[in-house]
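In: Coordinates for the following, if possible.
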Amino acid sequence: MNESTFTVILFVPLFLIVLLANLADKQRLGDGSGKTIAGLTYTLHLFIFGTMAVIGAALHAIAVSMGTNDDLREGFLAFAGGGGAEQIDAILPILDRLDVLGLGIWVPAAAAPLFLLPPVRRLLAKLFQVDARSTVHAVAASFVMLVVLNLSVTLAIGLETLADLSEASETDGGSLLVSLWVQQITFALWAVVGVGWLTRRKWLQALERLGLLVPRPAEVAVGIGTGLVSVAVILALEMVAEAVGWGLDEDVQRLTEVLIGPLLGSIPGILTLGLAAGIGEETLFRGALQPRFGLLFTSLLFALLHSQYGITLSTLAVFIVGIILGLVRNRFNTSTCVIAHASYNITLGVIAYLFPQVF
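Out: The predicted model follows:
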């Protein structure tokens, strides 16, 4: 199974949850109560996150058991490695952190359903612009745990191990290009369905809610200018950090080289880095989430989503970019943010293409 297919399969149940949640809200705001569909939504939600929690708890229990049983550890190694010495060597670093990995899966997965509880929803309504009665807002808040889970797994495995595993696998630029477009289109569709397309809103109404409008010439100029200014800000941040001894993490650089390096060798690859991420991430974060969860929290989620950076200087850089894009969203619209994000990524890609020694 290739990565693009896996992404689509992974998001199908999440699409179904937001679709059902919107149907529940449509009924609630109409003539019905929406309680039946809301119950179905929460049942599916509990099944998905409950399954993840069980898997994480099982991994944690296996890790604890292997700590006191060498035979179990050897048997698990033989099973997971398929008997091959190279495969066993590859999974050993992960096996040594299996207890933390298990915790990183089951704790966020078990926490996600808490956001469906009425008292928690009422508390959220005091902190953010969400409706405590809304099924859509409840599941949107719970999905925050997916970002936490993704980051937890990355940190549990370790950036160094991920970099080693990524370098050992060969991925061509064409596959990365397709995979990135699939991922970002999935993000965008998730956002459009999440704000009510196919249920509560027509297509153009959904785009208006997301702030995706035809940009005026002035907004195009603002978007391009914001992207260029963001590049200057981040490059300045990196120079200052380097001067005080807080340079870029070596493992982050290795992992980034594997993940996007093949795309930087061609114009289509560089354009994909800009356009795909601009469309997908901005539609989801600045379009769908920021009007409900605010500038700071959305920017934090945006930074943590980039789990390949761990908690490093690169994470801070993404957070700062998220703040800049969020300010643009507040002043203009999401379309301007898409242009700014694309300009930022493309500019960095062109610099890396022309001056590879800089990166």
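
In: from here on, contacts and neighbour counts on C-alpha atoms
Out: Noted.

In: buried stuff in stretch 238-257?
Out: Glu238, Gly247, Leu248, Asp249, Asp251, Val252, Gln253, Arg254, Leu255, Glu257 (16 or more other Cα atoms under 10 Å).

In: so can I have CSV of these showing distance to Ala317?
Out: Below are these laid out as CSV (distance: Cα to Cα, whole Å):
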residue, distance to Ala317
Glu238, 9
Gly247, 12
Leu248, 11
Asp249, 13
Asp251, 16
Val252, 13
Gln253, 14
Arg254, 17
Leu255, 17
Glu257, 17
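
In: So which of the residues you listed are in helices?
Out: Counting by DSSP state H, the buried residues of stretch 238-257 place Glu238, Asp251, Val252, Gln253, Arg254, Leu255, Glu257 in helices.

In: Tell me the one of those residues nearest Ala277?
Out: Glu257 (17.1 Å; Cα to Cα).

In: now that closest one: how far from Tyr309?
Out: 12 Å (Cα to Cα, to the nearest Å).

In: quick one: contacts for Ile324?
Out: Thr226, Ser230 (Cα atoms under 8 Å, 6 or more residues apart in numbering).

In: next SSE after whichever helix or strand it is part of?
Out: Using DSSP states H and E, the element containing Ile324 is helix 313-331. Sequence-wise, the next helix or strand downstream of helix 313-331 (DSSP H and E) is helix 334-354.

In: lowest confidence element among the helices and strands of this structure?
Out: Between all helices and strands in the chain, the lowest mean by mean pLDDT, DSSP states H and E belongs to helix 85-96, at a mean of 65.

In: and the helix holding Ile324 with helix 334-354, angle?
Out: If you take axes from the mean of the first three to the mean of the last three Cα atoms, to 10 degrees, helix 313-331 sits at 150 degrees to helix 334-354.

In: Can you list the buried residues in helix 313-331?
Out: For helix 313-331, by 16+ other Cα under 10 Å, it's 313-326, 328-329.

In: average pLDDT across it?
Out: Here helix 313-331 scores 96 as its mean pLDDT.

In: Can you give the distance from it to the centre of its chain?
Out: When distances are taken as Cα atoms, centre = their mean, to the nearest Å, helix 313-331 is centred 15 Å away from the chain's centroid.

In: for the stretch 51-200 of the chain, which spans come out with low pLDDT?
Out: Counting by pLDDT under 70, the stretch 51-200 of the chain contains low-confidence ranges at 73, 76-92, 168, 170-173.

In: hey, where'd the helices end up in it?
Out: For the stretch 51-200 of the chain, applying DSSP state H, counting those that start in this stretch gives helices covering 70-81, 85-96, 98-111, 118-127, 135-142, 144-157, 159-168, 173-194.

In: Out of those, flag the one nearest Leu29.
Out: Among these, if distance is taken as Cα to Cα, the winner is helix 135-142, at 11.3 Å.

In: tilt between the closest one and helix 98-111?
Out: 160 degrees.

In: Residue numbering should commence at 42 henceforth.
Out: Sure, I'll start numbering at 42, so the last one becomes helix 176-183.

In: Could you pick out the one among the buried residues of stretch 279-298 with the lowest pLDDT?
Out: pLDDT across the buried residues of stretch 279-298 is lowest for Gly288, at 73.

In: ok, that one to Gln294 distance?
Out: Taking Cα to Cα, one finds Gly288 at 11 Å from Gln294.

In: residue closest to the middle of the protein?
Out: Taking Cα atoms, centre = their mean, the centroid of the chain lies closest to Leu346, which sits 3.7 Å from it.

In: Spatially nearest residue to Val223, not counting backbone neighbours?
Out: Nearest residue to Val223 in three dimensions, chain neighbours excluded: Ser45, at 6.1 Å (Cα to Cα, 6 or more residues apart in numbering).

In: Report pLDDT for that neighbour.
Out: Ser45 is given a pLDDT of 74.

In: ok so, going back, which neighbours do Glu298 and Tyr350 share?
Out: Joint contacts of Glu298 and Tyr350 (Cα under 8 Å, 6+ apart) do not exist.

In: Any buried residues in stretch 72-90, and which?
Out: Using 16+ other Cα under 10 Å as the test for burial, stretch 72-90 gives Gly75, Ile78, Ala79, Thr82, Tyr83, Leu85, His86, Leu87, Phe90.

In: Could you give the average pLDDT over that stretch?
Out: On average, stretch 72-90 scores 93.
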